[in-house]
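**Student:** A structural model of the following input is requested.
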Amino acid sequence: MKLCLQIGLLAGFSAALLPADASYTQVTKFTGGTAVEMAKKMANMPMIGRLGGGAMREAFEDQHYDVYVKGNKMARLGGVISTIYDLDAGTITTINNTKQTYTTMTFDEMREQIERMQQRMNRKHSGGNLQFDEYTWYFGLNPFGPKTPTPSYYRDAVRKLRSFNARLATCQATFDARADNLKQYIDRIASDIGSTSAILKERAENHNNGWFDTRADDRFWFAYGQLYAYYGLMKGAQADFEDVIKEKHLQNLWDTMDQQFVSALRIQPFIIANGREDGWLLPTHLTTMGFYILRVRSNMVEISNVLTQ
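**Tutor:** Here you go, the predicted structure:
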């Protein structure tokens, strides 16, 4: 729980800890490094140093704190910010002496914030690993030397995602089932299958060799597998975002999208042919699959537009 109230209670907080069992003075100095020296010079410039009421200049000055410890309580009193730790109550109170305000946070809330940050970092890292190129081997020429192969990145990403799902199943992770998160999720999938539709279009228009297009089956079954995977993911999203779907009255649109997925996944020719669109003898399976993909994407765009409202 956070509070933000006008106060004049710093003396009262200090008095509660005095006479202290122990006390000492702590000094924080910014002593060097290129970045620090550059920031100090900027803070001393007339115009920049005045930003925030001179807060930038003050940030790089030596910070002096008086620290008092009594029992399971500790107060760290500074000129601008003071902090009080109460182990018995399990709270951390941060006081802004300049604005005369304070915030109180429990240890549980702080732990939850740290866990959420770790989860976001793990998801971001695993997502980056899944987007790693699929051609890297143990050794490469550009740059020359040994490398970490692509499968290692993928396995690490899968491990992190499984770890997150395991924590989520035991309520140890936070999942925000909000409309903006669902919109972002759907937009990414719509963009992905839109790119696949463009790949099918390029192959169908420029390499329509009928039964003799040796790459047509690669393109077709890649698109089919992608739709199959996203169909399962959207089924899971429907359960996860059930309240959002009800609140936004998306059930009919969602059912229509499901039907488009199913219709596309029913196309399972024994041999893939890449005939001309206006041909009468050879089928054009790539164009047909591209058409169904665009129907699915159209429904996703419509759902995304409703979520924006």
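**Student:** Does the nearest residue to Gln26 once chain neighbours are set aside lie in a helix or a strand, and which?
**Tutor:** Closest residue to Gln26 in three dimensions, ignoring its sequence neighbours and counting by CB to CB, 6 or more residues apart in numbering: Tyr65, at 4.3 Å. Backbone N, C-alpha and C define where each C-beta goes, glycine included. Using DSSP states H and E, the element containing Tyr65 is strand 63-70.
**Student:** and the next helix-or-strand element following that strand, how far out from the chain's middle?
**Tutor:** Using DSSP H and E, the next helix or strand after strand 63-70 towards the C-terminus is strand 73-78. Distance of strand 73-78 from the chain centroid (CA atoms, centre = their mean, to the nearest Å) equals 35 Å.
**Student:** now swap in stretch 300-309 and tell me
**Tutor:** 20 Å.
**Student:** Could you pull out the buried residues of it?
**Tutor:** Judged by neighbour count using 16 or more other CB atoms under 10 Å, the buried positions of stretch 300-309 are 300, 303-304, 307.
**Student:** Check stretch 147-162 too.
**Tutor:** Quick answer for stretch 147-162 (16+ other CB under 10 Å): 149, 153, 156-157, 160-161.
**Student:** give me the low-pLDDT residue ranges for the stretch 201-309 of the chain?
**Tutor:** Applying pLDDT under 70 to the stretch 201-309 of the chain picks out residues 209-211, 277-281.
**Student:** Helices of that one, residue ranges please.
**Tutor:** In the stretch 201-309 of the chain, the helices defined using DSSP state H, counting those that start in this stretch lie at 216-240, 242-247, 251-265, 285-308.
**Student:** Packing partners of the last one?
**Tutor:** Meaning helix 285-308. Applying 3 or more CB pairs under 8 Å, 6 or more residues apart in numbering; DSSP states H and E, we find helix 285-308 packed against helix 179-206, helix 216-240, helix 251-265.
**Student:** Just the local confidence number for the residue nearest to Gln26, please.
**Tutor:** Each residue has a pLDDT score; the one for Tyr65 is 82.
**Student:** State the number of residues packed around the nearest residue to Lys73 once chain neighbours are set aside.
**Tutor:** Among residues not flanking Lys73 along the chain, Asp86 sits closest, at 5.3 Å (CB to CB, 6+ apart). When neighbours are defined as other CB atoms under 10 Å, Asp86 has 19 of them.
**Student:** can you check the one 10 residues further on too?
**Tutor:** Summarising burial for Asn96: neighbours were counted as other CB under 10 Å, giving 15.
**Student:** who's in contact with it?
**Tutor:** 80-81, 102 (CB atoms under 8 Å, 6 or more residues apart in numbering).
**Student:** Just these: which are in helices?
**Tutor:** Among the contacts of Asn96, no residue falls in helices (DSSP state H).
**Student:** Mind checking which of the residues you listed are buried?
**Tutor:** Tyr102.
**Student:** And Asp21, how close does it get to Ala75?
**Tutor:** Here Asp21 is placed at a distance of 12 Å from Ala75 (CB to CB, to the nearest Å).
**Student:** Show me which of these two is the more surrounded one.
**Tutor:** Ala75 (25 against 11).
**Student:** So what sits opposite the more buried one in the bridge?
**Tutor:** In this entry, Ala75 is beta-bridged to Tyr68, Ile84, by DSSP bridges.
**Student:** can you pull the pLDDT of it?
**Tutor:** 87.
**Student:** Make a markdown table from the contacts of Asn96 and add distance to Gln259 to it.
**Tutor:** Written out in a markdown table, the entries for these read as follows (distance: CB to CB, whole Å):
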| residue | distance to Gln259 |
| --- | --- |
| Val80 | 61 |
| Ile81 | 58 |
| Tyr102 | 56 |
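**Student:** Cross the contacts of Asn96 against strands and list the overlap.
**Tutor:** Counted as lying in strands by DSSP state E, out of the contacts of Asn96, are 81, 102.
**Student:** Chain neighbours aside, what residue packs nearest to Glu302?
**Tutor:** Nearest one to Glu302, counting by CB to CB, 6+ apart, is Leu253 at 5.9 Å.
**Student:** Contacts only, for that neighbour.
**Tutor:** Each residue near Leu253 by CB under 8 Å, 6+ apart is listed here: 299, 302-303, 306.
**Student:** Export the residues you listed as a markdown table, with columns for distance to Ile92.
**Tutor:** Output for the contacts of Leu253, formatted as a markdown table (distance: CB to CB, whole Å):
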| residue | distance to Ile92 |
| --- | --- |
| Asn299 | 48 |
| Glu302 | 47 |
| Ile303 | 42 |
| Val306 | 42 |
